[in-house]
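*Asks:* Okay, here's the prediction I keep looking at, along with the sequence it came from:
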Amino acid sequence: MTDPKLTWIEEELRALQDSGLFINLRVIDSPPGAWMEVDGKRVLNLCTNNYLGLAGDERLKRAAKQAIDDYGVGPTAVRSIAGTLSLHIELEKAIAAFKGVEDSLYLQAGFVANQAALAPLVGREDVIFSDSLNHASIIDGARLSRAKIVVYEHTNVADLEAKIKEFLPQYRRGLVVTDGVFSMDGDIAPLDEIYAVAEKYGVMTMVDDAHGEGVVGEGGRGIVDHFGLHGKFDVEIGTFSKAFGAIGGVVAGKKIIVDFLRQRARPFLFSNAVTAADTAACLAAVHVLAESTTLVDRLWSNTDYFKSEMMLLGFDLGKSVTPITPVMLGDVKLAKAFSRRLFEEGIFAMALGFPTVPHGMARIRVMVSAALSQDDMDFGLETFAAIGKELGVVA
Ligand SMILES: *Cc1c(COP(=O)(O)O)cnc(C)c1O
């Protein structure tokens with residue numbers, strides 16, 4: 001018997017089941033390489049954000065193991081009291097140099113980095129201009145700041161400017177924030193135009209580069225590099241949990257801002273530092289990328305091949321210009337059925353529905369990776385074609 005005060009949860013869960021939106025967890029027993037062990041089955045991995053295959057890379061694993069020997073497993077302190085390891089400092093310098101910014105702050109996650117950066121920069125008297133498709137962590141960070149949140153139309157700079165004109169005069173300070181690469185559609189923000197508009201009105205600028213680092217820009221230096229805006233954007237949020245293959249978030253950018261965040265960012269002041277093993281793995285990943293563009297080049301050649309073949313097969317890939325490949329299906333039940341059939345045929349690619357994407361815009365999201373071989377991609381394409389026909393998605 002469910003406790004009467006909790007029966008409302010049963011109803012909520014049942015509603016999720018009935019609408020096809022209930023999330024079932026798949027359980028993994030391998031590294032997220034090209035092939036993975038998922039729910040006891042060996043499947044082709046078209047699902048994780050292991051863009052460069054670094055999550056299982058020997059260099060990262062070796063660095064993490066060495067760091068455990070050198071530092072133990074947990075820091076047992078927050079960064080501002082007794083948790084700052086020389087590894088943290090080394091990583092912050094390395095990622096700042098890689099991205100061509102003055103300084104950076106390493107945090108527990110990309111999600112946390114948005115919270116860490118937004119609240120100190122804007123408060124009750126201020127206004128945040130936020131793209132309508134920004135990541136949940138930006139939305140939550142914005143809410144925590146207590147600033148007024150004004151949402152502008154997705155990547156629409158004219159609308160951004162109109163909203164700045166309308167709202168900025170009523171507030172003390174303004175900040176515009178956008179994803180660099182949008183994680184669900186794989187399109188990119190017009191960062192140069194956003195910067196120009198923000199400059200015109202004296203508004204602070206922040207970009208979340210979670211899907212851009214290790215992917216876009218020269219050798220994976222990110223979205224700011226892609227647009228040649230070095231030294232211009234005030235704040236760049238990043239994550240080490242995607243292309244870098246490890247874990248943790250970063251706030252990078254102008255030194256004055258990073259200095260201020262060391263004093264004010266609550267996740268930095270009140271939550272433990274990232275472990276030595278994770279930090280060392282991140283550092284090794286930055287070194288790999290700084291030394292060679294091989295992995296990033298392979299990611300893009302795989303992406304070009306896979307996406308052009310998928311389009312020839314007749315699939316609608318939305319507006320993606322990155323390795324994020326949304327296979328647009330619309331109906332969430334169709335997307336789930338497609339994903340289930342793919343899995344039966346040996347392919348791991350998840351269906352995404354509301355609230356991750358808007359209602360009626362369900363999709364399978366394929367993440368192309370440098371880890372995929374030609375045979376892997378051809379197997380993926382053949383299987384997509386067969387199931388697409390079976391379910392009436394393509395002719
Ligand atoms: C994945 C993602 C995050 C969260 O990063 P984590 O390190 O996994 O917490 C933040 N912002 C964007 C845009 C993301 O895609």
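*Replies:* Structure's in. What do you need? Numbering: from 1, shown residues only.

*Asks:* could you give the mean pLDDT of stretch 281-294?
*Replies:* Averaged across stretch 281-294, pLDDT comes to 98.

*Asks:* and if you look at stretch 129-149?
*Replies:* Across stretch 129-149, pLDDT averages out at 97.

*Asks:* residues of it that come out buried?
*Replies:* 129-131, 133-135, 137-139, 141-142, 145, 147-149 (16 or more other CB atoms under 10 Å). The C-beta positions use only the backbone N, C-alpha and C, and glycine is treated the same way.

*Asks:* and what of stretch 122-131?
*Replies:* So stretch 122-131, judged by 16+ other CB under 10 Å, has buried residues 122, 126-131.

*Asks:* Between the two ends of that stretch, how far is it?
*Replies:* Stretch 122-131 has its terminal residues 17 Å apart, counting by CA to CA, to the nearest Å.

*Asks:* Identify, from the buried residues of stretch 122-131, the entry nearest to the ligand.
*Replies:* residue 131 (10.6 Å; CB to the nearest ligand atom).

*Asks:* wait, the closest one sits on residue 154?
*Replies:* Yes: look at residue 131 against residue 154 with CB atoms under 8 Å: they come within range, at 5.8 Å.

*Asks:* Could you list the domains of the protein?
*Replies:* Split into domains by automatic domain parsing, the chain comes to 17-46+293-390, 58-291.

*Asks:* Identify whichever of the ones you listed lies nearest to the ligand.
*Replies:* Using CB to the nearest ligand atom, the nearest of those to the ligand is domain 58-291, at 2.5 Å.

*Asks:* hmm, the closest one in reach of the ligand?
*Replies:* Yes: using CB under 6 Å from any ligand atom, domain 58-291 reaches the ligand at 109-111, 135, 137, 179, 183, 208, 210-211, 239, 241, 249.

*Asks:* how about the helices of the chain, start to end?
*Replies:* Remark: helices assigned in the chain by DSSP state H are 7-18, 58-71, 86-99, 110-121, 136-145, 157-167, 191-201, 223-226, 255-264, 266-270, 276-291, 294-312, 332-344, 374-390.

*Asks:* And the ligand, is stretch 351-362 touching that?
*Replies:* No: legend: contact between stretch 351-362 and the ligand by CB under 6 Å from any ligand atom is lacking; minimum distance shown is 10.9 Å.

*Asks:* Export that stretch to PDB, keeping only CA atoms.
*Replies:* Extracted in PDB, the C-alpha atoms of stretch 351-362 (Å, rounded to 0.1, in the frame of the first residue of the first chain):
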ATOM      1  CA  ALA A 351      14.900   8.200 -28.400                       C
ATOM      2  CA  LEU A 352      14.500  11.600 -26.900                       C
ATOM      3  CA  GLY A 353      11.100  13.100 -26.100                       C
ATOM      4  CA  PHE A 354       9.600  15.700 -23.900                       C
ATOM      5  CA  PRO A 355      10.900  17.400 -21.700                       C
ATOM      6  CA  THR A 356      14.300  16.900 -23.300                       C
ATOM      7  CA  VAL A 357      12.900  18.200 -26.600                       C
ATOM      8  CA  PRO A 358       9.500  19.900 -27.300                       C
ATOM      9  CA  HIS A 359       6.300  17.900 -27.600                       C
ATOM     10  CA  GLY A 360       5.800  16.500 -31.000                       C
ATOM     11  CA  MET A 361       9.500  16.800 -31.900                       C
ATOM     12  CA  ALA A 362      10.700  13.400 -30.700                       C
END
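
*Asks:* quick one: that stretch to chain centroid distance?
*Replies:* In terms of CA atoms, centre = their mean, to the nearest Å, the gap separating the centre of stretch 351-362 from the centre of its chain is 17 Å.

*Asks:* got it, and stretch 65-76?
*Replies:* For stretch 65-76, the distance to the chain centre is 27 Å (CA atoms, centre = their mean).
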